[in-house]
Every structure is written in structure tokens, then in C-alpha cells.
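*Asks:* Here you go, sequence then predicted model.
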Amino acid sequence: MESGIMQDVEIITDELGFLEDNPKAKIVLAVIAVVIALLSFFVIADIASSAETHSQTISSLDEKKGTVMGLVAASTAASAAVSLLPGDAGTPIAQKLVDLSSDFLIVITAIYLEKYLLTTLGFAAFKILIPLGCLVFAGSLFIRKRLVLQRSLRRLASKLALFGIAIFLVVPVSIGVSGMIESTYKDSVDETIALANQTVEGIESESSASSVEAESTGLFDWIADIPSNVGNAVTDLTADAQKALNGFIEALAVMVVTSCIIPIVVLVFFLWLVKVILGVDMSATVQMVRPRVMHRPGR
């Protein structure tokens with residue numbers, strides 16, 4: 001165990017030795033880090049947290065929100081219309097359509113959250129995390145005789161900077177990936193809304209036709225013809241309502257994936273990528289190079 005620790009200390013010494021022997025290099029690197037921190041804090045943060053910078057992404061989110069609102073309106077109207085069908089055939093469908101309307105509210109909430117995170121995460125990344133990482137790195141350059149602490153601080157600085165970049169990119173990247181999926185299902189969503197509107201119009205026209213027929217043929221004759229005249233129409237309208245319900249369920253699944261699941265997956269991917277980048281072990285490379293340096297002929 002002790003020999004392993006001493007070997008790690010020797011490796012760290014080899015990696016940082018050029019800085020220990022070059023005070024000017026330390027100063028130059030520290031100045032560069034401080035300049036990057038100042039630029040990030042005073043310039044880039046304002047740009048990254050501006051709504052104008054993300055205008056195209058915000059427009060895409062507004063378009064998605066409009067689609068979801070259209071689905072909510074269509075499902076609510078379809079539920080109200082299906083509940084007017086004679087008998088209990090349309091009651092389960094109407095109840096499920098009401099439940100879907102509340103489920104779509106979750107998607108709308110996620111869209112608003114993404115919209116606000118666009119500017120908030122840009123502020124957090126370039127106003128806090130990246131400047132802090134640069135300052136930690138600059139401070140680590142002037143710690144003497146504590147090489148393990150130096151390396152820990154530099155790893156911390158790298159984590160802060162890379163994590164800031166990751167959270168800044170997570171929403172735009174997730175929206176881009178979501179856009180590709182949504183473009184595939186856009187026609188299906190439009191067909192669902194059209195079918196729901198057609199079902200509502202069919203139920204309303206059937207109710208109007210029944211009222212006109214009752215007035216023209218007489219109330220008793222109309223009641224006698226209900227089983228033959230209304231039965232087929234109700235069956236067809238119920239089938240259309242069932243198709244519309246299936247379309248709403250599919251649209252809800254797509255919206256949940258694109259608005260809720262994909263952003264989480266993208267964030268996890270970025271965090272994994274940061275871990276992979278920071279977890280690259282350079283000790284093997286140093287061990288391969290060091291014997292050649294130490295065992296040169298003549299030494």
C-alpha cells in the first residue's frame with residue numbers, strides 16, 4: 001500500500017514538475033484562467049442567459065406547446081361530445097379522454113420548465129460554475145509541496161467547468177433530438193386532432209338530424225324507429241371515438257418521451273461523458289515515458 005502511494009506521488013511529480021520549475025508559466029496560466037473567468041462572468045453569461053440567444057429554441061418550444069394545447073382542446077371537446085351518445089357505450093371513452101386532458105398538463109409543465117431552464121442554466125454555467133472552476137485552477141497553481149492537493153483542486157476545477165458546459169447544452173441538445181422524433185409523428189398528431197374534430201362534428205350532426213327527424217315524422221314514429229336509425233350511427237361514432245382515443249394515447253406517449261424523458265437521458269449522457277473525460281488515467285502513459293527518460297545511456 002505504501003509503495004503504491006509513493007508511486008502515485010512520483011507520477012504526480014512528473015506531471016507537475018515543469019510548473020514547479022517555471023514560476024512564469026504558473027503566472028501565465030493563472031492570468032489566462034482569471035481572464036477566462038472574467039469573460040465568462042461579465043460577457044458570456046449575459047449572452048448565454050439572454051432570451052434572444054435562444055429565440056429559435058424558444059420558438060420551437062412555443063410550437064410544441066401549441067400542439068399540446070390543441071390536443072388538450074380536441075380531447076376535451078371529444079370527451080364532451082362522446083358523453084352525449086345514447087346508452088353507456090361512449091362513457092368509458094369519454095372518461096379516458098378527460099383523464100388524458102389532465103395528463104397533457106404534465107407535458108405542458110415540462111415544456112415551460114425547459115423554456116425557463118434555457119436562460120437559468122446559461123446563467124448558472126457561465127456566471128457561477130465556469131468562473132469558479134477557473135479561479136480554483138488558478139489558485140491550485142500556487143500551492144507548494146502539496147501535489148496531491150494540487151491535483152485534487154485541478155480535477156475539481158475541471159469538473160466545475162465541464163459540468164457547467166454540460167448543463168448549458170442539455171436543453172438545446174434535448175430539444176434538437178426531440179424535434180427529430182416529433183417531425184416523424186407530426187402527421188400522426190395532426191390526424192388525431194382531425195379525427196377528434198370529425199367525431200365531434202359527427203355526433204353534433206347526428207343529434208341535429210335526430211331532432212329534425214323527430215319534428216318531421218312525429219314523436220311516436222321517431223321513437224319507434226330509434227333502434228334501426230340510431231343504432232348504426234352510434235356504433236360508427238363510437239368506433240371513430242375509439243380511434244381518436246388511441247391517437248391521443250399515442251400522441252401523449254410521444255410528448256412524454258420528447259418533453260420529459262429525452263432531457264433526462266441527455267443530461268445523464270453528458271454527466272457520463274464528463275466522468276469519462278475526467279476519468280482518463282494518464283498514469284500509464286507517464287509510466288511508459290518515465291523509464292526511457294530515467295534510463296538513458298550515460299546517466
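*Replies:* Sure thing, it's come through. It should be emphasised that the depicted structure is a prediction, and the values quoted were computed from it without experimental measurement.
*Asks:* got a list of what Ala48 touches?
*Replies:* Contact analysis of Ala48 by Cβ atoms under 8 Å, 6 or more residues apart in numbering lists Thr119, Gly122, Phe123, Ala125, Phe126, Phe168. Where C-beta positions appear, they are placed from N, C-alpha and C, glycine not excepted.
*Asks:* Before we move on, what's the pLDDT of the fifth one?
*Replies:* This points to Phe126. pLDDT, Phe126: 96.
*Asks:* swap in the one 3 residues further on?
*Replies:* Leu129 is assigned a predicted lDDT (pLDDT) of 95.
*Asks:* which helix in this structure runs the most residues?
*Replies:* Ranked by residue count under DSSP state H, the longest helix found in the chain is helix 147-217.
*Asks:* Now do that helix: distance to the chain's middle.
*Replies:* On the basis of Cα atoms, centre = their mean, to the nearest Å, helix 147-217 sits 10 Å off its chain's mean C-alpha point.
*Asks:* next one: stretch 22-33
*Replies:* Remark: stretch 22-33 is offset 39 Å from the chain centroid, using Cα atoms, centre = their mean.
*Asks:* In TSV: the contacts of Ala48, plus distance to Lys275.
*Replies:* TSV is the format used below for these (distance: Cβ to Cβ, whole Å):
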residue	distance to Lys275
Thr119	27
Gly122	23
Phe123	24
Ala125	18
Phe126	22
Phe168	18
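*Asks:* any idea which of those is the one closest to Thr192?
*Replies:* Among the contacts of Ala48, Thr119 lies closest to Thr192 (Cβ to Cβ), at 32.6 Å.
*Asks:* what's the helix or strand for the closest one?
*Replies:* Applying DSSP states H and E as the criterion places Thr119 in helix 91-124.
*Asks:* So which elements touch that helix?
*Replies:* The contact analysis (3 or more Cβ pairs under 8 Å, 6 or more residues apart in numbering; DSSP states H and E) places helix 91-124 against helix 45-48, helix 55-82, helix 147-217, helix 226-256.
*Asks:* Report pLDDT for Ala251.
*Replies:* pLDDT, read off for Ala251, is 88.
*Asks:* Model confidence at Val257, what's the number?
*Replies:* Model confidence at Val257 (pLDDT) stands at 89.
*Asks:* if I pick it, what's in contact with it?
*Replies:* Contacts of Val257 (Cβ under 8 Å, 6+ apart): Ile181.
*Asks:* Look up how far Glu63 lies from it.
*Replies:* 17 Å (Cβ to Cβ, to the nearest Å).
*Asks:* The residue most central in space within the chain and Gly164, how far apart?
*Replies:* The centroid of the chain falls nearest to Pro263 when counting by Cα atoms, centre = their mean (2.1 Å). Separation of Pro263 from Gly164 (Cβ to Cβ) stands at 17 Å.
*Asks:* before we move on, what about Gly139?
*Replies:* The separation that Gly139 has from Gly164, given Cβ to Cβ, amounts to 18 Å.
*Asks:* more neighbours, the two?
*Replies:* Gly164 (24 against 14; other Cβ atoms under 10 Å).
*Asks:* Surely the more buried one is in contact with Phe123?
*Replies:* No: applying Cβ atoms under 8 Å as the test, Gly164 and Phe123 come out as separate, 10.5 Å apart.
*Asks:* hang on, the earlier thing: report the contact partners of the residue nearest to the centre of the chain.
*Replies:* Ala110, Glu114, Val170, Val171, Ser174.
*Asks:* That one: which element?
*Replies:* Here Pro263 is assigned to helix 262-278, by DSSP H and E.
*Asks:* starting at the chain centroid, how far to that helix?
*Replies:* 12 Å.
*Asks:* cool, stretch 118-132 as well?
*Replies:* The answer for stretch 118-132 is 18 Å, by Cα atoms, centre = their mean.
*Asks:* Now do it: distance from first to last residue.
*Replies:* 21 Å (Cα to Cα, to the nearest Å).
*Asks:* hmm, who's touching that stretch?
*Replies:* By Cβ under 8 Å, 6+ apart, stretch 118-132 touches 36-38, 40-41, 44-45, 48-51, 53-54, 57-58, 160-161, 163-165, 167-168, 170-172.
*Asks:* let's go with 6 Å and repeat that
*Replies:* By Cβ atoms under 6 Å, 6 or more residues apart in numbering, the residues outside stretch 118-132 that reach it are 37, 40-41, 44-45, 48-49, 54, 160-161, 164, 167-168, 171.
*Asks:* ok, those vs Leu71, which is closest?
*Replies:* Val171 (22.5 Å).
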